[in-house]
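*Asks:* Build me a structure from this.
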Amino acid sequence: MAQKPLILAVETSGRRGSVAIATGRRLLAETAFSGPMRHSSEVFPAVSGLLNRFSRKPDEIEHIYISVGPGSFTGLRIAVSMAKIMHLASTVKIVKVDTFDVIASNIGDYMGQEKSRVEKIAVVLDAKRGQFYIAAYRYTGDSQRKAGDKNWRKIFPDSLMTASQFLDKFADKTKPIWLLGEGLVYYADKFRAEGIHFLNESCWTPRAEKVHMLGWKMACNGQFADPVTLQPKYIRKPEAEEKCKFRT
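*Replies:* You can find the predicted model right below:
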């Protein structure tokens, strides 16, 4: 691996996408799309704008890091297709980053700002039909509470569940849990209970900056994805596929 490869990071799993470019661990810039669900129309112009800003060309990109899901079915397919095309065109190396981890990493910014003793968090994403994609993490770092993903360990695997099922499992005023994630944008009230707290809305959205941060660490460990078998992480099949299944 080159010492400082030119990296493209793509986040299209959430409502409002973004892209970023970096050289090695150094983030150069990030661009967010102009509004919700503008992924297909703005991802390529956004990438071109960043490359032009730093006088770089598309064929100079050596790595692409993508947020692989769960999330928007259309957005995930855009990122995966983009990564595969870039690999076929110029053997760009791919790193796939778990979207739950991307959102959970926003806690590092919160910890730096608030100095709050948050010990446990859960990421909540809207899965439609009254269900949510959820994963939970526990803080395992030192007493100085340094921000960083290595200080957080996933303690509840990526799951599909209702808000009431989540509350039955996690609502405990003696062991509070803090929530973040775009599933709260319209449904926060469903999760209100004793022992349930909400992080600031600025922490709820996945960002390309965090895709790069996590992806670079994976790349340094040689954790590159196989472009042939690369697929979005859906947890549940897209609705269109499920409808087809019931018709057969």
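*Asks:* what about the helices in the chain?
*Replies:* Along the chain, counting by DSSP state H, helices occupy 39-53, 73-90, 99-104, 107-114, 163-170, 184-187, 208-220, 239-247.
*Asks:* most packed of these?
*Replies:* The highest mean neighbour count among those, using mean count of other CB atoms under 10 Å, belongs to helix 99-104: a mean of 28. Glycine gets a C-beta too; all of them are placed from N, C-alpha and C.
*Asks:* Show me the chain divided up by domain.
*Replies:* Per the record, the chain has its domains at 6-99+206-247, 107-203, by automatic domain parsing.
*Asks:* residues touching the closest residue in space to Cys203 that isn't next to it in sequence, list them.
*Replies:* Excluding the flanking residues, the one nearest Cys203 by CB to CB, 6 or more residues apart in numbering is Asn106, at 4.2 Å. Residues in contact with Asn106, defined by CB atoms under 8 Å, 6 or more residues apart in numbering, are 180, 199, 202-205, 207, 210.
*Asks:* can you check Leu214 too?
*Replies:* 65, 97, 101-102, 105, 149.
*Asks:* just curious, which of those residues is nearest to Thr23?
*Replies:* Using CB to CB, Tyr65 comes nearest to Thr23 of the contacts of Leu214, at 13.2 Å.
*Asks:* if you skip the residues just before and after it, what's nearest to Phe156?
*Replies:* Ala136 (3.6 Å).
*Asks:* Run a quick neighbour tally on the one you found.
*Replies:* Around Ala136 there are 23 other residues, counting by other CB atoms under 10 Å.
*Asks:* Just put the contacts of Asn106 in a markdown table and tack on pLDDT.
*Replies:* Formatted as a markdown table, those follow (pLDDT from 0 to 100):
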| residue | pLDDT |
| --- | --- |
| Leu180 | 98 |
| Leu199 | 95 |
| Ser202 | 92 |
| Cys203 | 93 |
| Trp204 | 96 |
| Thr205 | 96 |
| Arg207 | 97 |
| Lys210 | 97 |
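*Asks:* which of those residues has the most neighbours?
*Replies:* Neighbour counts for the contacts of Asn106 peak at Lys210, which has 28 neighbours (criterion: other CB under 10 Å).
*Asks:* so how far is Glu30 from it?
*Replies:* 10 Å (CB to CB, to the nearest Å).
*Asks:* Enumerate every residue touching the most centrally placed residue in the chain.
*Replies:* By CA atoms, centre = their mean, the chain has its centre lying nearest to Thr99, at 2.8 Å. For Thr99, the contacting residues are 13-14, 67-71, 125, 206, 233, by CB under 8 Å, 6+ apart.
*Asks:* Which of the residues you listed sits closest to Ala193?
*Replies:* Leu125 (19.0 Å).
*Asks:* The closest one pairs with what?
*Replies:* Tyr133 (DSSP bridges).
*Asks:* hang on, isn't it packed against Val185?
*Replies:* No. Using CB atoms under 8 Å, Leu125 and Val185 do not qualify as a contacting pair, with a distance of 10.1 Å.
*Asks:* Measure how buried Asn221 is and give me the count.
*Replies:* Count around Asn221 with other CB under 10 Å applied: 9.
*Asks:* Can you tell me how far it is from Val47?
*Replies:* With CB to CB as the criterion, Asn221 and Val47 are 26 Å apart.
*Asks:* Check Ile235 too.
*Replies:* In terms of CB to CB, Ile235 sits 28 Å off from Val47.
*Asks:* got a list of what Thr174 touches?
*Replies:* Going by CB under 8 Å, 6+ apart, Thr174 touches Gly195.
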